[in-house]
Structure formats: structure tokens, C-alpha cells
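J.: Just need the structure, nothing else, for what follows:
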Amino acid sequence: MARNPIKDQVAIVGVGSTGFDRHGNRTSASLATEAATAAILDAGLTARDIDGVVSTGEPGAPPPQQLAAMLGLTEVTHYPRSTSVVMFALIDAMNAVFSGSAETVLVYNPVLRLPWNSRSASEDPFRRHFTTGVAGIPESMSMAVAYTAWASRYLYEYGASREDFGLVTVNARSNGTRNPLATLREPITMDDYLQARMIREPFCMLDMDIPTDGADAFVLTTAERARDLARPSVLVHAATTGTAACAAEDQLADLGHHGQHVVVRSLQAKSDLWLSDVDVFLPYDGFTIITLGWIENLGWCGPGEAGAFLREHWDDATNRVLIDGRIPLNPHGGALAEGATRGSGYVREAVQQLRGEAGERQVAGARTALVASGGFFFNSQGLILRSE
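T.: Here you go, the predicted structure:
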């Protein structure tokens, strides 16, 4: 087992969210402040208790020192701006708490549709990409376009079908109906998926996350201090990130060697818990191919078998996945229904499930959650949370 002295020593004690939609006119700072305030209050703390602030580094997000001033934090000893996608910031906060750089750390993650695009362009991942001026040519393999190429390779190598991708989307939209924070709350059928506008083979509009406005925030502190707070503690059992050699979108060796594999090996080596212990499974679905990758690479099934796995565990009554009849896959709706939260929505859902506060989505007796966020290239991330 890999050395993991931080195991179960740090707890997430507060969560806050603004909810997500596509038609807001608020600033990133306004969203961050609302979510952060809610997280601090949720933890039963005040501004005086927060001595660390970590930003996820989302474009346009207020820097940590600015948010600290807006919240009226009086003495802050740890305030970095992390890399976009939430696990980088959470791991930074964990390490700060464990090392003593700060005792109680706020992590905030505001997301906005890109403001320099038209509204219609901001809701289309491909048009949004092409108008930013970053590798913005149709021949580029960067960002959204890369996943269409690797999805095509997946179909070719394994003889899979677009319906395999569609199962991920239908599951997300069915679950999104139960999440009051979600951007999209209407269910869809497989026929709806197959009839959706094709963007670039093999992906249609429903294979890609929903650009949205909103924010999440979390408060982390020591497990010891968490026991004195009013709300149930959720312990960080193991966390990791990973990238592989040749991780650029057009240089990836193949579907068997990328960041997800690095994360799985690292997370399993650091953890006392694994798939048989999981009550809630939250794999990233910013693109449907990413979810299939996580299912296979974590070991729920073999390479190329994710579609069959989803069908085997499909619950016809609710039109969604229930692994072994009890473990939901992204009960909050994920990025395909709740919206593109850059991973924070998955962590929030895990915490709420383990605290027994997920409302009609609640998994009975949930004690362990597995979060697998990020994609194939530079931002693969893994997290195991458990209730104390």
C-alpha cells in the first residue's frame, strides 16, 4: 500500500451551492461569495474561523485574497489559486490542513459560461471552443474535439455503439429530475438521444456537458476538530490526481494508457476501501466516453464492456443505472444534467449523500462514496470519502 499519512485525518465539514442555470447575469465573484457564505454557515462556523482560502482557478474567478476581503476574513495564512477542476484545490486544502499551514480552509469553485461568446455559442462546446482563439481551428485536437476522436477509436476497437454513450446521458437526465440544483430537470429517452443534433461524429449535443452559471464551496478542517461541530463529519479517506506520458490530446498512446489508469493505481494503493465498499459512484461525465472509461478502468468491468455493464445494471422502473440494484451512478445528474461544475458537483453530492442530506436522491445507509472526476489527459482525479 502506498504511503498515505493523511488518510482519514481531514474532513469536509461544510458545503454550499448557488445552484446552476444557463440564464443568469451574475458575476463570478457574486456566485463565489454566495456559495462560500453558505458553506461556512453549513459548517456551523463564522468568518473568524476560516484561515485558509483556495480557488479552483476557474477563468474570471476572484483571487483568494479578494474573496477573503469580500467575506471579511480577518487572518488568512494560506491562499493559493489552484488549477481548474476541483480536486486540485481540494488536495491543496487537505495538505494545508494536515501540515498546519491553516486549520480551516475554504475551497470555492465558481463557473460561468464564457461571456465573450453569444448565448447560443456558449451552450455549444464546439462553437465555444472555436471562438476563444485557443487552438480554434476545426483540425485541432484540443479540448472538446479530442474526445470525438477518442470516442471514435473506442467504437472501432471494441465494436461498441453510440447507444453505449446514450445510456450515460439517459441515466444523467433521469437522475437530474431529482436534483433541485440542476440546470436540466427533464428526462429523456434513448430515442431522444439518437435523434439529437449531431455535432461531430460520433458525438451529438447530448454527449457533452451543459455550460452553466453557478458556484460550489467547501470547508475542510481536521478530523479532530470536525467531531466538535454540529454536522456529521465526512472524512477524506484517499485522494489523488494523475497524468501519463504523452498526455496531450493528439499524443495519447492509446485507450489503455492515460491519466485514469494512473489515478486508479494510486487511489487503490492509498485506500483501505474499494468497489465492494462503495455506496455511491460518481464518475465524471463531461463527455460520455469519459464515463465509460472510468467504469472500465476502475474495474467494474473489462475494456470495452461498459455498455454491457450499464445494461446489466439498468433499472427499467426509473430508467437509470443501479449497480447491483442499489448503487446509483451520478444521482445528482452529473455534468450532463446538473451542468459543467468542473467536478465540484460530484464532491458536493458525495458529501450530502454521506451526511444523509440528499433528499429524494438519498441512498439508504450510504457510508462510502467514490468520485472519479476529470478526463483522460491532464486532469484525471480520484477521491474516496467516507462517513465517520
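J.: tell me the SS of A172?
T.: Secondary structure, DSSP: H, G, I helix; E, B strand; the rest coil: A172 is helix.
J.: gap between it and A217?
T.: Here the criterion is Cβ to Cβ, to the nearest Å. By it, A172 lies 23 Å from A217. Where you see a C-beta, it was placed from the backbone N, CA and C, and this is true even at glycine.
J.: Let me see the ranges of the helices in the stretch 101-250 of the chain.
T.: For the stretch 101-250 of the chain, the helices defined by DSSP state H, counting those that start in this stretch occupy 119-122, 125-130, 144-158, 162-176, 190-195, 223-226.
J.: now those helices as TSV including mean neighbour count?
T.: As requested, the helices of the stretch 101-250 of the chain are exported to TSV (neighbours: other Cβ atoms under 10 Å):
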stretch	mean neighbour count
helix 119-122	14
helix 125-130	20
helix 144-158	19
helix 162-176	25
helix 190-195	14
helix 223-226	16
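J.: what's the closest of the ones you listed to L90?
T.: helix 223-226 (15.2 Å; Cβ to Cβ).
J.: returning to what we had before: relative to A340, which of the helices of the stretch 101-250 of the chain is closest?
T.: Nearest to A340, of the helices of the stretch 101-250 of the chain and by Cβ to Cβ, is helix 125-130 at 8.7 Å.
J.: beta partners for Y108?
T.: Per DSSP bridges, the residues bridged to Y108 are S55, A217.
J.: Report pLDDT for it.
T.: Note for Y108: predicted pLDDT of 98.
J.: Check S344 too.
T.: 98.
J.: least trustworthy helix or strand in this protein by mean pLDDT?
T.: The weakest-scoring helix or strand in the chain, judged by mean pLDDT, DSSP states H and E, is helix 125-130 (a mean of 51).
J.: Next secondary structure after the helix or strand hosting A335?
T.: Element membership for A335 (DSSP states H and E) is helix 334-337. Remark: after helix 334-337, the chain's next helix or strand is helix 344-354, criterion DSSP H and E.
J.: Check which helices and strands the helix or strand following that next one sits against.
T.: Downstream of helix 344-354, the first helix or strand assigned by DSSP H and E is strand 368-373. With contacts defined as 3 or more Cβ pairs under 8 Å, 6 or more residues apart in numbering; DSSP states H and E, strand 368-373 has these neighbours: strand 280-283, helix 344-354, strand 380-387.
J.: how about these, which one is nearest S233?
T.: Across the helices and strands packed on strand 368-373, closest to S233 is strand 380-387 (Cβ to Cβ), at 7.4 Å.
J.: what's the average pLDDT for the closest one?
T.: So the average pLDDT for strand 380-387 ends up being 97.
J.: partners of that strand, with directions?
T.: According to DSSP bridges, strand 380-387 forms sheet pairs with strand 234-242 (antiparallel), strand 368-373 (antiparallel).
J.: you'd agree G16 is up against A36?
T.: Yes - between G16 and A36 there is a contact at 6.5 Å, judged by Cβ atoms under 8 Å.
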